[in-house]
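Undergrad: Structure of the sequence below:
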Amino acid sequence: MLLKCPDCGKEISRNARICPHCKCDIATFKPQETEPCRTCKTPLIVKEHRAIVYKSDPTILDRSPVSAHTVHTPCPKCGDPRPLDRTNMPSSTRRRALIVGLVIAAITAAVAYFLYGR
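TA: Next up is the predicted model:
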C-alpha cells in the first residue's frame, strides 16, 4: 500500500521511514505552521514570512542580543508587505492576553495602594 509523503506529497511505501524523493524523515516530521495572508487569504508558511531578527552589539563580549525586531517577507501572490500581522491572532488568545494584563494591573495597583496609600 502506498502513502503520501507529508512534506512533498509524492507516493511512498507504507514501510518507508524516509521519503526517497525529498529525504524527509516520516517519523519525526512536523508540518510547518501556516497562516492565511491578511489580504488574499493564501496560506503562507509562518517561518518563511515572519522572522525575529536579533541585532547584537559588537562591544558586548558574550554576543547577547541587544534588540530584536520582526522582519516580514511580502506575499508572493498579492504583494502585501506585511501578510502575517498580529491581527491574525485568534480572539481567544487576544482575550486571554487582555485578561492577564488587567489582572497584573489590578494587582500592581492594589500593592501600590497598600504600600504608598497609607
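Undergrad: Which pLDDT value goes with residue 56?
TA: Note for residue 56: predicted pLDDT of 57.
Undergrad: Can we start the residue count at 112 from this point?
TA: Done: numbering now begins at 112, and the last item shifts to residue 167.
Undergrad: what about the closest residue to residue 144 other than its chain neighbours, neighbour count?
TA: Nearest non-adjacent residue to residue 144, counting by C-beta to C-beta, 6 or more residues apart in numbering: residue 157, 4.6 Å away. In short, each C-beta sits where N, CA and C put it, glycine included. Residue 157 is flanked by 13 other residues according to other C-beta atoms under 10 Å.
Undergrad: so for the host helix or strand of residue 206, what's the average pLDDT?
TA: Assigning secondary structure by DSSP states H and E places residue 206 in helix 202-227. Averaging pLDDT along helix 202-227 yields 90.
Undergrad: what packs against whichever strand or helix holds residue 123?
TA: For residue 123, the enclosing helix or strand under DSSP H and E is strand 122-124. Using 3 or more C-beta pairs under 8 Å, 6 or more residues apart in numbering; DSSP states H and E, the elements in contact with strand 122-124 are strand 113-115.
Undergrad: Lovely, talk soon.
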